[in-house]
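In: Got a sequence here, can you model it:
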Amino acid sequence: MRTAICPGSFDPVTYGHLDIFKRASKLFDRVIVLVSINPDKHPCFTPEERMEMIREVTAEIPNIEVDCYAGLLSSYAQQHEAAAIVKGLRAMSDFEYEFQMALTNKKLYPYAETVFLTTSMYNMYLSSSLVRQIAMLGGDLSGLVPRCLHERVYRKFRREEDAGDEH
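Out: Got it, this is the predicted structure:
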């Protein structure tokens, strides 16, 4: 069984992420979408919330699992005997960082190849930070995140806004 890992913060998961998950699921027998915990980032959604959203939007893809991890990606890949780490690329600006990470992961765990999937042209501009900004300002999330997540994303920012009004 060929296992691949799709790591990321997914804060929140977008149509761009979902596109990469679906495509990876056709290339590998088992795909683990891994919510990576990065101590340098301050996400809006908890790891549990992000995992729940990913599970919801991938429920109909039978070979996708969702997990969370706070350690080195190479260690996780080794623990799960992953053959590949799948990363989505939007633009050349993504490549430099991702290439450095791929070389580092290869050094730490030589048995997994990093596979880069280019985003579809419809999602080239899309990022979780863009989605968060649009949601904070009450903009339309159509075409950015799956419809089933719209209210959850809006609610997260209304709650933060309401908490700010109390001070």
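
In: neighbouring contacts of stretch 46-61?
Out: Applying C-beta atoms under 8 Å, 6 or more residues apart in numbering, the contact partners of stretch 46-61 are 9-13, 17-18, 21-22, 25, 31, 33, 35, 37, 43, 45, 64, 66-68, 146, 148-149, 152, 156. Backbone N, C-alpha and C define where each C-beta goes, glycine included.

In: Kindly write the PyMOL command that selects the buried subset of these.
Out: To isolate in PyMOL the members of the contacts of stretch 46-61 that are buried, counting by 16 or more other C-beta atoms under 10 Å, one can use:
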select buried, resi 9+10+11+12+13+17+18+21+25+31+33+35+43+45+64+66+67+68+146+149+152+156
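
In: out of the contacts of stretch 46-61, which are inside strands?
Out: 31, 33, 35, 64, 66, 67, 68 (DSSP state E).

In: who does the fourth one bridge with?
Out: I take that to be residue 64. For residue 64, the beta-bridge assignment (DSSP bridges) gives partners residue 31.

In: And it, how far from residue 75?
Out: Between residue 64 and residue 75 the distance, using C-beta to C-beta, to the nearest Å, works out to 21 Å.

In: before we move on, what about the second one?
Out: Noted for residue 33: a distance of 17 Å to residue 75, by C-beta to C-beta.

In: So, low pLDDT: which residues of this protein?
Out: When residues are selected by pLDDT under 70, those of the chain lie in 159-167.

In: where do the helices sit along this protein?
Out: 15-27, 47-58, 73-79, 92-108, 128-136, 150-165 (DSSP state H).

In: among the ones you listed, which is nearest residue 5?
Out: Closest of these to residue 5 is helix 73-79, at 5.8 Å (criterion: C-beta to C-beta).

In: Show me which parts of stretch 64-81 are buried, residue by residue.
Out: Under the neighbour-count criterion of 16+ other C-beta under 10 Å, stretch 64-81 has 64, 65, 66, 67, 68, 69, 73, 74, 76, 77, 80 buried.

In: Need the distance between the two termini of it.
Out: End-to-end distance for stretch 64-81: 16 Å, by C-alpha to C-alpha, to the nearest Å.

In: residues in contact with residue 37?
Out: Contact criterion C-beta under 8 Å, 6+ apart gives 47, 68, 69, 70 as the residues in contact with residue 37.

In: gap between it and residue 72?
Out: Going from residue 37 to residue 72 by C-beta to C-beta gives 11 Å.

In: returning to what we had before: show me which of the contacts of residue 37 is closest to residue 101.
Out: Taking C-beta to C-beta as the measure, residue 69 is the one of the contacts of residue 37 closest to residue 101, at 15.0 Å.
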